[in-house]
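Undergrad: Fold the following for me, if possible:
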Amino acid sequence: MPKNELEEIHSLCRRLVKACGEKGLTSEQLSPTRVHAGVTNAGMLSEVIRCMPDKAEVLHWWWSWGEPICPAEEIDKAAKMIAHVVTPRHV
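TA: Below is the predicted model of the structure:
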């Protein structure tokens, strides 16, 4: 991976950590390409999100199970979707 692309991914991950925090999630950057986000007061429901290119070489956020979330530039959308997945529903 070219250095400038890795730096871009690293920056996107830092922005995602911040956006997840703004949604009330506990989040941290695990590596230049991975973010761990979750809800600690819910038994730590969490997810590890990766930033990597799709088949067309466009950077996307990816769930741990290999499905794309959204394009990597859509930080707020990604944070909203992550929060929806890791936040428990009270019945």
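
Undergrad: Helices of this structure, residue ranges please.
TA: In the chain, helices defined by DSSP state H lie at 3-22, 75-86, listed in chain order.

Undergrad: what mean pLDDT would you report for the shortest one?
TA: Put plainly, it is helix 75-86. Averaging pLDDT along helix 75-86 gives 96.

Undergrad: can you state the direction angle for that helix and helix 3-22?
TA: Here helix 75-86 runs at an angle of 60 degrees relative to helix 3-22 (axes from the mean of the first three to the mean of the last three CA atoms, to 10 degrees).

Undergrad: counting contacts, what elements does helix 75-86 pack onto?
TA: Applying 3 or more CB pairs under 8 Å, 6 or more residues apart in numbering; DSSP states H and E, we find helix 75-86 packed against helix 3-22, strand 34-39, strand 45-53, strand 68-71. Where you see a C-beta, it was placed from the backbone N, CA and C, and this is true even at glycine.

Undergrad: the inter-axis angle of that helix versus strand 34-39?
TA: Using the same axes, to 10 degrees: helix 75-86 against strand 34-39 is 50 degrees.

Undergrad: Centroid-nearest residue for the protein?
TA: Nearest to the mean C-alpha position of the chain, by CA atoms, centre = their mean, lies I49 at 4.2 Å.

Undergrad: In the sheet, which residues pair with that one? Tell me.
TA: Beta-bridge partners recorded for I49 (DSSP bridges): V35.

Undergrad: How about the one 4 residues further on?
TA: Taking DSSP bridges as the rule, P53 bridges to L59.

Undergrad: To what extent is it buried, counted in neighbours?
TA: By the criterion of other CB atoms under 10 Å, P53 has 14 neighbours.

Undergrad: One more: Q29?
TA: Neighbourhood size, Q29 [other CB under 10 Å]: 14.
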